[in-house]
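S.K.: no sequence on this one, just coordinates:
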């Protein structure tokens, strides 16, 4: 795939649909988009093009699952907002002549809530949780320069007395250019449907998304850059802020209209990240999510909203990672991950 073909592909995906409203609140099972691991959280929440033996990245792109991840086990936990906690666990295994498999669970626990009547009298308590059990398969093609993969998701959501069951799938492709330092990926996420709904005759769509990513590692410097274009199924991710709907110019009395440029609409699809690869045992990461900064930042004080950072390091047979993502002035999410290769322990026993 040459540069001309890449540009045509990006443009056809980005402008293939008409202008529509933003994506917030349009779907059910939105927890499927929560960053599963510390590295992903540090890289803006989506990292589809990087292939470097990290089993956590299979959550973003099933085509990244490779035989080098066989027997890798990973656990991740996130201290989110308002006492919400969620996590992710994954294990991968390679079967010679068959392909690569991975099993994972992605869950979110919203905590315990007081159940009250209309007068505020406490009647009891209830909880809210959501789960996704994932099974991934991938295999290489074209002398391993191209790989394809798919993830089947079994989804269960329990919100007080309301329950829902659904199925979804991710389909991905990853291509390593001949220079061995540039990667391209294309992913279709959350293709599926609700099987049972929270309420009768109220079927809701899943958070379907198309992502395209490219990463490049400098051959003579310890840097890797990544560019992810997300929500390519919609061009216009902007929305009309109801708080600004009735504002008027204090001098002319005319209604004030928020001006959103074409460039703003394009940039909301972009997540840019970089990794400083100091050594095989220590990495530093940082990213910028344009959509997050535009939608969640306070105009009078943007601060670091939209920025994410983190690091990863190895201690003996364990790889530890930390990521911090700034969503709003009210706070940021903290991500923790630990990964190990069970094969290393088996070698020691033998």
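M.R.: Yep, that arrived. Predicted, not measured: the structure shown is a model, and the values here were computed from it. Residues are numbered from 1 along each chain as shown.

S.K.: where do the strands sit along the protein?
M.R.: Assigned by DSSP state E, the strands in the chain fall at 72-79, 85-95, 99-116, 122-141, 146-159, 162-176, 182-196, 209-217, 223-229, 270-279, 282-289, 307-315, 318-328, 331-341.

S.K.: in JSON lines: those, plus distance to residue 44, mean pLDDT and mean neighbour count.
M.R.: Glycine gets a C-beta too; all of them are placed from N, C-alpha and C. JSON lines is the format used below for these (distance: least, CB to CB, whole Å; pLDDT from 0 to 100; neighbours: other CB atoms under 10 Å):
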{"stretch": "strand 72-79", "distance to residue 44": "15", "mean pLDDT": "95", "mean neighbour count": "20"}
{"stretch": "strand 85-95", "distance to residue 44": "17", "mean pLDDT": "96", "mean neighbour count": "19"}
{"stretch": "strand 99-116", "distance to residue 44": "18", "mean pLDDT": "94", "mean neighbour count": "16"}
{"stretch": "strand 122-141", "distance to residue 44": "21", "mean pLDDT": "95", "mean neighbour count": "16"}
{"stretch": "strand 146-159", "distance to residue 44": "20", "mean pLDDT": "97", "mean neighbour count": "19"}
{"stretch": "strand 162-176", "distance to residue 44": "18", "mean pLDDT": "97", "mean neighbour count": "19"}
{"stretch": "strand 182-196", "distance to residue 44": "15", "mean pLDDT": "97", "mean neighbour count": "19"}
{"stretch": "strand 209-217", "distance to residue 44": "11", "mean pLDDT": "97", "mean neighbour count": "21"}
{"stretch": "strand 223-229", "distance to residue 44": "7", "mean pLDDT": "97", "mean neighbour count": "19"}
{"stretch": "strand 270-279", "distance to residue 44": "4", "mean pLDDT": "96", "mean neighbour count": "17"}
{"stretch": "strand 282-289", "distance to residue 44": "4", "mean pLDDT": "96", "mean neighbour count": "20"}
{"stretch": "strand 307-315", "distance to residue 44": "5", "mean pLDDT": "96", "mean neighbour count": "19"}
{"stretch": "strand 318-328", "distance to residue 44": "8", "mean pLDDT": "93", "mean neighbour count": "20"}
{"stretch": "strand 331-341", "distance to residue 44": "12", "mean pLDDT": "94", "mean neighbour count": "20"}
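
S.K.: how about those, which one is nearest residue 259?
M.R.: Nearest to residue 259 among the strands of the chain is strand 270-279 (19.8 Å), distances taken as CB to CB.

S.K.: remind me what the closest one packs against, helices and strands.
M.R.: Other helices and strands packing on strand 270-279, by 3 or more CB pairs under 8 Å, 6 or more residues apart in numbering; DSSP states H and E, are strand 223-229, strand 282-289.

S.K.: possible to save those strands as TSV with distance to residue 54?
M.R.: As requested, these are arranged in TSV below (distance: least, CB to CB, whole Å):
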stretch	distance to residue 54
strand 223-229	12
strand 282-289	10
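
S.K.: with distance to residue 66 as added columns, please give the strands of the chain in CSV.
M.R.: Compiled in CSV, those are given as follows (distance: least, CB to CB, whole Å):
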stretch, distance to residue 66
strand 72-79, 10
strand 85-95, 8
strand 99-116, 6
strand 122-141, 7
strand 146-159, 7
strand 162-176, 9
strand 182-196, 12
strand 209-217, 15
strand 223-229, 17
strand 270-279, 19
strand 282-289, 19
strand 307-315, 19
strand 318-328, 16
strand 331-341, 13
